[in-house]
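1. Generate a structure from the sequence data that follows.
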Amino acid sequence: MHSWKQLQYATARLRHSLLVLLLFMTKFTLFGFVVSDSSPGQLSLDINLRDIGRRFDGVGALSGGGGTSRLLYDYSEPQRSDILDRLFDTTKGGALHTLKVEIGGDAQSTEATEPSHMHTREDENFERGYEWWLMKEAKKRNPKIQLYGLSWGAPGWVGNGTFYSNDNIMYHIKWLEGARRVHNLTIDFMGIWNESPFSSDWIIQLRRALDTQGFADVKIVASDENGWPVCDAMMNNGSMMDAVSVVGSHYPVRDPSEKPTAMPPSCMVINEKYDKPMWTSEGWDLNCFNNYNGGLNLATAINRNFVLQNQTAMIVWNLIYSWYSILPFAKPVAGTVGGTGHGLMSATEPWSGHYVVQPPLYMVMHTTQFTEAGCHYVKNAAVADHGWVDAQSKTASVVTFLCDGWFSIVIESGGTSLLCPKSGEDVADTAQRKQAFDSDSVVNATTFRLLNIPVNSTGPVTALRMFQSCSTDVLFQKLPDVPVGDDGTFDVVVRRGCVLTLTSHPTKGNTFPQANVPSSRSFPTQYFDDFESYQDQQTVKYLTDESGSFNAAPLPPTLRPPTGSDTANHQALEQVVTVPPIPGHWWSNGEPFSILGNSQNWTDQSVTVRAAIDGASDLSIAPPNVPSSVFVRVCGRISTFQPHGQPPQGYCLVVDSALRWFLVAGGTAGPANRDVMRVLKQGKVPDTPNQPSLAHGLAWLVLRLDITGTTVQGFVNGVAVGHVDDSTFHTGMAAIGCGWHKAFFDDLNITATECDTAQ
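-> Residues are numbered from 1 along each chain as shown. Okay, the predicted model is just below:
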């Protein structure tokens, strides 16, 4: 029960004048919805604090979909804790109410793959990856934070490639068991299958399994798709209605220049009659970057989700821009190391420790720092003009939250113009649009009147604390307190394109002092890793898996140095996925590879790795002009990432199980999760005194790829095997990879040259 329903409502009325920049004069009061003309161009707008509405379920963010927090995991202290504090701390940081994470399934899910807790039916490991770690770190900083898991894909063994199967019910239950038993984490919400058609029968079966396996408190969110397709299914199936606790849609409110995705009548009935909340279970316009306009777009969505569609929660994709800039939803920018991306803040340089707190995080804080999940909205009909400061033009919205002992008001004036560039536009266009937007701003005063003001936890409300964000230079700025007059009125000034929070809470609204953030620095041009410093199954530094799953692992005895040798090499990097995973409906899997390095301006480079194929292969079926399905590779100058299962877009030296070498340049996706590589040159690996035999697997090869200017040269076991002249790729990263089989990689060594600016 909400304690505000039991509070004595004071007759104290507040008076004050403070300027609020908006498009016109407006008056607000706190008692029933009243609009009255007090003078030409003026409105009187009330906020009735007695008219309590739906439970506020919070604002959260998503890690995954996929690999979005990948580089964050590699940061050293104290920077890693500093970043986590800024995201999750409830008093000075992002104070997020919910953390949603990807349930790793070994499948490509946007920026990368995330490792499964069950690579095979017999395998169980609940330490892989970084989502477990991230959930625990979030809980340390906010014990009340809600946790939410969702699958993007699943290992290929699940249901023999069928997602909606009994295997996958078990697979999800195992994930919940691992969270509880190994990490002492309680998962609050579970989704179905990201942006893929749902199965009512499977959802009902999952609900029954949760109830019988000790997870009755886990609420199902459905269906994590664009639009609201699950509502009709719930209305037509009583068991489905009982199974689903929350209706979750993706990106229903995108940009203030666009209409929201229409909500069908069935959703409204479910919301009002059956008391099922509506959420943006993934949101924030994907055209946005983490600049001021991107943050303002996010602020408008948080408010207008409720004003337009009575939604009570929003999960932001994504938590943090922490991946390489050649990957989706980011882009290289000349003169920078990490480029620009889509996240609440940026952490793309674990090797330097550099990170940036950016406008979207402050915009979220305008709501999260002054509320908690479990507060209640004041009904739209009781706030200003049905949630609008200006009901006709709808350029500014206002929402009010009633919490346990305080209330908070959030106003955004994001307008109705396009805030974020559409796909293909230059990021600089956003700044130009913002400048034009500001030049048209009109400064006016707005008066709000609060009605039925409850007694605050510290006594009668006589003033409101106020915070504003209006530009990159004015973020979460504390302004003088706003006195509340005897008649309940207070005046504020809101410029168009700003966000403003007013609260009766006496202490909320703080930020961390400026940290000593290390300077930005490019990825080292000399890099080596022998993988001896990691624990078994640990994610290794800087490598980002784009297909398959690579982790540290002990070497089998046949690959270890002889007893008594000077080399104590007992661990390497292992690729473990042998069956292509079940992909999402919008992202497929190519053959395994993992990237690292300078995503902006590496030019000439030499990349060396020892590699061993684990497993026998039938050499008689090797195709004549392309690598067989059993191979290892080393790559360089990967300048772009192409989704939908395409191979590394750079140069690679490939050696297959028939001991043939291939120099390749990019390629396309092929059938059966195979790469179609563009072969530039090929040949047979020359005989050497220690020639390995791959017929039974487990033999080391040393692969080296040198790229100088337009010359691409390959070496196998120290012997030059061929070279070509090609000018397709000019700059980019390094990579290692293999086919859909187990393989080991060791002693990764990179020497690279940087150009002066990003290409």
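2. what are the ranges of the helices in the stretch 301-450 of the chain?
-> For the stretch 301-450 of the chain, the helices defined by DSSP state H, counting those that start in this stretch cover 359-368, 428-439.
3. OK, contacts around the closest residue to R660 other than its chain neighbours?
-> Nearest residue to R660 in three dimensions, chain neighbours excluded: K684, at 5.8 Å (Cβ to Cβ, 6 or more residues apart in numbering). All C-beta spots, glycine's among them, are computed from the backbone N, C-alpha and C. K684 sits next to 659-661 when contact means Cβ atoms under 8 Å, 6 or more residues apart in numbering.
4. just V357 next, same as before
-> By Cβ under 8 Å, 6+ apart, the contact list for V357 reads 86, 345.
5. circling back to that earlier point, out of the helices of the stretch 301-450 of the chain, which gets the lowest mean score?
-> Across the helices of the stretch 301-450 of the chain, helix 428-439 has the smallest mean pLDDT, namely a mean of 45.
6. low pLDDT regions in the stretch 51-200 of the chain?
-> The model of the stretch 51-200 of the chain has no residue with pLDDT under 70.
7. give me that answer again for 90
-> 66 (pLDDT under 90).
8. Following the chain onward from the lowest-mean-pLDDT helix or strand in the chain, which element is next?
-> Every helix and strand of the chain was ranked by mean pLDDT, DSSP states H and E. The lowest is strand 35-36, at a mean of 30. Going down the chain from strand 35-36, the next helix or strand is strand 44-48, by DSSP states H and E.
9. Pull out the C-alpha coordinates of that following strand and format them as PDB.
-> Only the C-alpha atoms of strand 44-48 are listed here, as PDB (Å, rounded to 0.1, in the frame of the first residue of the first chain):
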ATOM      1  CA  SER A  44      -3.500  28.600 -15.100                       C
ATOM      2  CA  LEU A  45      -2.400  24.900 -14.700                       C
ATOM      3  CA  ASP A  46      -3.000  22.900 -11.600                       C
ATOM      4  CA  ILE A  47      -1.300  19.700 -10.200                       C
ATOM      5  CA  ASN A  48      -3.600  17.800  -7.800                       C
END
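10. Output the contacting helices and strands for that strand.
-> strand 26-27, strand 35-36, strand 445-451 (3 or more Cβ pairs under 8 Å, 6 or more residues apart in numbering; DSSP states H and E).
11. one more time with 10 Å, if that's ok
-> Contact partners of strand 44-48 among helices and strands, from 3 or more Cβ pairs under 10 Å, 6 or more residues apart in numbering; DSSP states H and E: strand 26-27, strand 35-36, strand 397-402, strand 445-451.
12. report the angle between the axes of that strand and strand 397-402?
-> Orientation of strand 44-48 against strand 397-402 (axes from the mean of the first three to the mean of the last three Cα atoms, to 10 degrees) gives an angle of 30 degrees.
13. Spatially, which residue comes closest to the residue most central in space within the chain, not counting chain neighbours?
-> Using Cα atoms, centre = their mean, the residue of the chain that lies closest to the mean C-alpha position is N318, 2.9 Å off. Excluding the flanking residues, the one nearest N318 by Cβ to Cβ, 6+ apart is T68, at 4.4 Å.
14. go on, L206?
-> Closest residue in space to L206, ignoring its immediate chain neighbours: I169 at 5.7 Å, by Cβ to Cβ, 6+ apart.
15. This completes my enquiry, with thanks.
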